[in-house]
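Student: the following block contains a protein sequence and its predicted model.
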Amino acid sequence: AEEAFRFVKAAEYYRKFIPKFSTIAAPLHKYSPATVQQQKNNKKLKFELSAEARTAFHQLKKILTTDLILDLPDDTLTFKLQTDASVDGIGAVLLQMTP
């Protein structure tokens, strides 16, 4: 569940390219690390993603891997390497803004 929350936070970078991003991602925001830990501490509850959250995850994943083809690289334009790091990992995205 925490992984689903991390996924939606990473996907937010592309929100301006995804119509209705907030509506699609809303079910996943319920799985913040604090909420997950609180539910894990309650031994009577088995923590699992809801059907609505699983649907949102798969919908966002599909959009990001199929519908979100913005443009092919243009060798005459400048590329930008955007990086991020934390204690848990690192990541990078190669970007190019087209006119």
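Tutor: Alright, I've got the coordinates. Residues are numbered from 1 along each chain as shown.
Student: just name the shakiest helix or strand of this protein by mean pLDDT.
Tutor: Lowest on mean pLDDT, DSSP states H and E among the helices and strands of the chain sits helix 33-41, with a mean of 64.
Student: other residues contacting the helix or strand just after it?
Tutor: Downstream of helix 33-41, the next assigned helix or strand under DSSP states H and E is helix 51-62. Residues from elsewhere that reach helix 51-62 (Cβ atoms under 8 Å, 6 or more residues apart in numbering): 4, 7-8, 11, 18, 24-28, 30-31, 49. Placement of C-beta: from N, CA and C, glycine included.
Student: quick one: strands adjacent to the helix or strand just after helix 51-62?
Tutor: Next helix or strand after helix 51-62 toward the C-terminus (DSSP H and E): strand 80-85. Paired neighbours of strand 80-85 in the sheet (DSSP bridges): strand 90-95 (antiparallel).
Student: what's the distance between the most far-flung residue of the chain relative to its centre and L94?
Tutor: Outermost residue of the chain with respect to the C-alpha centroid, by Cα atoms, centre = their mean, is T76; its distance is 30.2 Å. Using Cβ to Cβ, to the nearest Å, T76 is found at 16 Å from L94.
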